[in-house]
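Participant: Just need the structure, nothing else, for what follows:
(one chain, ligands or ions: 1)
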Amino acid sequence: MILQVTDLSVRLGGSHILQGVSFDVAPTGVTALLGRNGVGKTTTLRAVLGEVPASGAVSYDGRPVLGRPTHKLVRDGLAYVPEDRCVFAGLTVAENLRLASRVPDPDFELVHDLFPELRERAGQRAGTLSGGQQQMVAIARVLLNPNRLLLVDEPTKGLAPAVVTAVAGVLERVASRVPILLVEQNLAVVRRLATDAVVLEAGRTAWHGRAADLLSDADATKSLLGVGSTAGRH
Ligand SMILES: Nc1ncnc2c1ncn2[C@@H]1O[C@H](COP(=O)(O)OP(=O)(O)OP(=O)(O)O)[C@@H](O)[C@H]1O
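Facilitator: Numbering: from 1, shown residues only. A predicted model of the protein is given here:
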């Protein structure tokens, strides 16, 4: 397992947000982190990255990580694509990419292969890109550097259907090279990409197993995610 999360607990602003989250992420493929709004998916990613204080145990690539500084984890190949994308709006696409690269030989070949449009828009200010294009910049930024695991938070949120399909296609190609822990509300995207699934409920792991088993179980999908199991089926 590339990531093992055991009994993760987080308190923020006087609330006990995570109360015992446990799951593993396989070293290949996509593990979907699911659950209704506000159950603690983003907080789980941030706790793994050391951005919020947490107790319990997290092991990344066989080494304990809680308490290690975020920048060291990133240097060791744990990459984060946050939900709000965080591109530098006033800088060009090329400048955003240049700032993100932290190795002598960033993989521009991969990035330009996956995102030909970003090459065409190299001189455009990132703040003037569409939401989908900004998402592409956010994903491209982490791919410039060598990664062992990507944590990707709601990459398709707020995007038009055709753009959702494009982002999913990119993630599918990325997942053939590096494992992804993916927070995603769009079940069609989960169905297309995820090998495994973890469902949180009220700050705890409520379900963990093969994604196909969850999505084919109408009762589990409805009770855990609040949607019918055929949601997102094309
Ligand atoms: N810094 C904070 N201080 C206090 N409460 C917080 C803080 N960050 C998150 N929370 C709360 O923790 C809970 C879980 O938030 P989180 O963003 O992890 O949920 P989520 O599952 O990712 O939700 P969504 O699907 O809506 O993005 C929410 O009730 C949120 O309001």
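Participant: CA atoms for contacts and neighbours, from now on please.
Facilitator: OK.
Participant: Mind telling me what element T156 is part of?
Facilitator: Applying DSSP states H and E as the criterion places T156 outside every helix and strand.
Participant: Make sure it is actually in contact with V183.
Facilitator: No: if you go by Cα atoms under 8 Å, T156 and V183 don't touch, sitting 9.8 Å apart.
Participant: Can you list the buried residues in the helix or strand of the chain with the lowest mean pLDDT?
Facilitator: Of all helical and strand segments in the chain, the minimum by mean pLDDT, DSSP states H and E falls on helix 218-225, at a mean of 89. Neighbour counts over helix 218-225 (16 or more other Cα atoms under 10 Å) mark A220, T221, L224, L225 as buried.
Participant: Which of the three states applies to the residue most central in space within the chain?
Facilitator: Nearest to the geometric centre of the chain sits V152, at 1.3 Å (Cα atoms, centre = their mean). Of the three states, V152 takes strand under DSSP: H, G, I helix; E, B strand; the rest coil.
Participant: Off-centre distance for the longest helix along the chain?
Facilitator: The longest helix of the chain (DSSP state H) is helix 161-175. Here helix 161-175 is found 13 Å from its chain centre; the criterion is Cα atoms, centre = their mean, to the nearest Å.
Participant: about what we covered before: just name the closest of the buried residues of helix 218-225 to L91, please.
Facilitator: Among these, L225 lies closest to L91 (Cα to Cα), at 38.4 Å.
Participant: Now do the closest one against G35, distance only.
Facilitator: 5 Å (Cα to Cα, to the nearest Å).
Participant: and of the buried residues of helix 218-225, the nearest to the ligand?
Facilitator: In terms of Cα to the nearest ligand atom, no member of the buried residues of helix 218-225 lies closer to the ligand than L225, at 10.7 Å.
Participant: ok now do that closest one, which residues does it touch?
Facilitator: L225 is in contact with L34, G35, R36, counting by Cα atoms under 8 Å, 6 or more residues apart in numbering.
Participant: same check, this time on T92
Facilitator: T92 is in contact with A122, G123, Q124, R125, A126, counting by Cα under 8 Å, 6+ apart.
Participant: Number of residues surrounding the last one?
Facilitator: So that's A126. 23 (other Cα atoms under 10 Å).
Participant: I'd say it and A89 touch.
Facilitator: Yes: using Cα under 8 Å, A126 is in contact with A89, at 4.8 Å.
Participant: In three-state terms, label T44 for me.
Facilitator: Quick answer, by three-state DSSP: T44 is helix.
Participant: give the contact list for it.
Facilitator: Contacts of T44 (Cα under 8 Å, 6+ apart): L18.
Participant: Next, find the distance separating it from the ligand.
Facilitator: Distance, T44 to the ligand, by Cα to the nearest ligand atom, to the nearest Å: 6 Å.
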